[in-house]
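[1] here are the coordinates; sequence isn't available:
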């Protein structure tokens, strides 16, 4: 096995590192099981879990850190007797060793005393050398043993400690975002129960407006639907389709700015385009009402816009970035972190990879700032990033997970499962988290059901 290794992170190559340094990166969560590494002298990349002995070495690092943090400090005390011991060199002359033997056999009390002081040191040094030799042999055997050797534990156990996750999570709010929700007990979103299949829900900051994708009776592909409610504890009114977003392609992954004035979403599966639509101002909306010859049943409008309750939106337009072009990247999963920042994914199809970017919105300009890449080792999960940037939630077939980082200039740690699928059901697609991060909205067939059997809108207290 080569003495030095290289690894990939966020599309860049780093190294060379020793095998032990590589194991420490895996143990810290910087490299995941499916991260790519290679020997310095080899151009062939391989996954972390394909390197013989690497996961075992990483687990050893974790065990060492955990034992070091829990063990009590041992005071460094040297007894008066140990302080009197004379230095002894194993590599001394044969005459010196003979003199020790002569001293031990001598009737001279002083000579016998000196022999008693030196002889135990010989045994001590020899014992130390034996222990060191055994440790080195075991380490070499452990890291270079064959694949046939059973792996006692998987890297899945190397995760941030719950204390770190608890430290970085927001405390329970004094007033819950949705009254009456019990912890980890999902409920169907009231007013949206009949809309199946549904996908990718998003809400306004006050939780009174919801937008999601829905495919109606197979008549079209997924279109965007919306509903409002008078209070965040009430049921939503019957959702209505946003006519200005209706195309012959799939329209999904909506997100709203906190004030509900901007709508972002992705149009088309074949050639995805990140779109945006601005809310029509009240005076323009009133003028359109005055000029309209008639209203359709339910108050829906024709060509000028489509309602989100009392809100109406203009004809959508592609999102433009300053000094940045997606090139071969396919956009997806937009999220308005706040009123000034937009997070979105960009997928490269060949080779397949996905990264997350963040861009700033300027109210005085149609252009968004040049996107900056977020430091995720794995860009595939549909993350929902917190306002402070230290937490990233996402749903998967296994349940609801959370990745954290202490500082915004650090990479996110390996995610931790917060709510298992046995309680929330398998989660499909993007989630939406309330600003207080005490309620999550998501799509799932429900607890106890297999993924892909149905897609319904759920909410759950955290």
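    Yep, it's here. For clarity, every value in this text was computed on a predicted model and none was experimentally measured.
[2] start to end distance for stretch 433-447?
    19 Å (C-alpha to C-alpha, to the nearest Å).
[3] in that stretch, what counts as buried?
    By 16 or more other C-beta atoms under 10 Å, the buried positions in stretch 433-447 come out as 433-435, 437-445. Every C-beta, even on glycine, is put in place using the N, C-alpha and C of the backbone.
[4] below-threshold pLDDT in this structure: ranges please.
    1-3, 10-12, 65-131, 133-162, 217-219, 281-311, 326-328, 349-351 (pLDDT under 70).
[5] let's see 50
    Filtered on pLDDT under 50, the chain yields the residue ranges 1-2, 71-107, 109, 111-116, 118, 142, 144-161, 283-309.
[6] quick check: domain ranges of it?
    The chain breaks down by automatic domain parsing into domains covering 4-73, 80-140, 162-461.
[7] tell me where this protein has helices.
    Here the chain has its helices, by DSSP state H, at 19-28, 54-70, 80-83, 94-105, 109-144, 162-168, 282-291, 421-424.
[8] beta-bridge partners for residue 46, please?
    Counting by DSSP bridges, residue 46 forms beta bridges with residue 37.
[9] thought it was touching residue 33?
    No - counting by C-beta atoms under 8 Å, residue 33 is not a contact partner of residue 46; they are 11.8 Å apart.
[10] neighbour count winner among those two?
    More crowded of residue 46 and residue 33, by other C-beta atoms under 10 Å: residue 33, with 18 against 14.
[11] ok, that one touching residue 49?
    Yes - using C-beta under 8 Å, residue 33 is in contact with residue 49, at 4.5 Å.
[12] what's around residue 389, how many residues?
    17.
[13] what of residue 195?
    21.
[14] chain neighbours aside, what residue packs nearest to it?
    In space, and not counting its chain neighbours, residue 195 is closest to residue 214: 5.0 Å by C-beta to C-beta, 6 or more residues apart in numbering.
[15] so what's that neighbour up against?
    Residue 214 makes contact with 195, 197-199, 222-225, 239, 241, according to C-beta atoms under 8 Å, 6 or more residues apart in numbering.
[16] can you tell me who it pairs with across the strands?
    The partner residues for residue 214, given DSSP bridges, come to residue 198, residue 223.
[17] ok, back up a step: hmm, which two among the buried residues of stretch 433-447 are most spread apart?
    Maximum pairwise distance in the buried residues of stretch 433-447, criterion C-beta to C-beta, is 27.4 Å, between 435 and 445.
[18] if we can go back for a sec, and the residue nearest to residue 195, how close does it get to residue 433?
    Distance from residue 214 to residue 433, counting by C-beta to C-beta, to the nearest Å: 21 Å.
[19] and for residue 41?
    46 Å.
[20] quick check, residue 375 in contact with residue 413.
    No - using C-beta under 8 Å, residue 375 makes no contact with residue 413, being 10.8 Å away.
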